[in-house]
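>>> For reference, the sequence and a predicted model appear below.
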Amino acid sequence: MTAVLRAEGVSRSVGPLPIVVDVSLEVAASEWVSLVGPSGCGKTTLLMLLGLLDTPDRGSVWLDGEAVAGWSAAARARARLSRIGFVFQTQNLFDHLSARDNVALPAWRACGSRPEALRAADALLERFGLTHRAATRADRLSTGEAQRTAIARALVNRPKLVFADEPTGSLDSANTALVLDALAEVTAGGAALLVATHDAGVAARGRPLMMKDGRLAEPTRGAP
């Protein structure tokens, strides 16, 4: 079976400083992979490279078996909109929009139909127990509600691959449990999930890959 995501020898430096060094990995459909390591070890930079938000200095990335090297900026943007979902620690919601509109926005951009996008948003908000907060502005949501809204937004275009960067880093234990259950819905729906975390409890939900000083600390399944 072709991996949803595959990387070989991916490296990235900022000036003379290496941030990601020779990383190879793969993630299959319906698989949760946990990228584990301390702050500053390169996890976020690696997610940006694999999620087409940055370009590696060396190495190759494949999405659904298709090499992304040489893709135009427009092609990368289309892939991020339709095939990739992102969940960030700080949510990155639009504060002046409601939870419903935040979730619907990527779908509206993708399909061009606001009513269709709102229907998709409503279904996801219900799935994550947020129907009663649909009309609430994002800046008035609790931290846990905002993170679940962000996960719903990441899923609204039915991506094949979802990245989550420290998605529970600012949450208490009760909200962490709710967010982890929401993330489990990602793989239950057939998408691949790569979660960057320094939390051992979060890491235990998936196949752990240890990262230290920009490198994966041990061989990974499917790596050359």
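Arrived safely, thanks for sending. Every value quoted in this text rests on a predicted model; they were computed, and no experiment measured them. Numbers count the residues shown, from 1 in each chain.
>>> how about the CA coordinates for stretch 6-19, as PDB?
Extracted as PDB, the C-alpha positions of stretch 6-19 are listed here (Å, rounded to 0.1, in the frame of the first residue of the first chain):
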ATOM      1  CA  ARG A   6       6.800   9.600   2.600                       C
ATOM      2  CA  ALA A   7      10.000  11.600   3.100                       C
ATOM      3  CA  GLU A   8      13.600  10.600   2.300                       C
ATOM      4  CA  GLY A   9      16.600  12.500   3.600                       C
ATOM      5  CA  VAL A  10      14.800  15.700   4.300                       C
ATOM      6  CA  SER A  11      17.100  18.400   5.700                       C
ATOM      7  CA  ARG A  12      16.700  22.100   6.500                       C
ATOM      8  CA  SER A  13      19.100  24.700   7.800                       C
ATOM      9  CA  VAL A  14      18.800  28.400   8.700                       C
ATOM     10  CA  GLY A  15      22.100  30.000   7.800                       C
ATOM     11  CA  PRO A  16      24.800  27.700   9.200                       C
ATOM     12  CA  LEU A  17      22.400  26.200  11.800                       C
ATOM     13  CA  PRO A  18      20.900  22.700  10.900                       C
ATOM     14  CA  ILE A  19      17.300  22.500  12.100                       C
END
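>>> leaving aside the residues next to it on the chain, what's closest to L52?
R76 (4.6 Å; CB to CB, 6 or more residues apart in numbering). (Each C-beta comes from the backbone N, C-alpha and C, glycine too.)
>>> Tabulate the CA atom coordinates of the helix or strand hosting the one you found in CSV.
R76 is part of helix 73-82, with elements assigned from DSSP states H and E. Output in CSV follows, covering the C-alpha atoms of helix 73-82 (Å, rounded to 0.1, in the frame of the first residue of the first chain):
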residue,chain,number,x,y,z
ALA,A,73,3.4,27.7,-5.4
ALA,A,74,-0.1,27.5,-6.7
ALA,A,75,0.0,23.7,-6.8
ARG,A,76,1.4,23.5,-3.3
ALA,A,77,-1.4,25.8,-2.1
ARG,A,78,-4.1,23.7,-3.8
ALA,A,79,-2.7,20.6,-2.1
ARG,A,80,-2.7,22.3,1.3
LEU,A,81,-6.3,23.3,0.9
SER,A,82,-7.7,20.0,-0.5
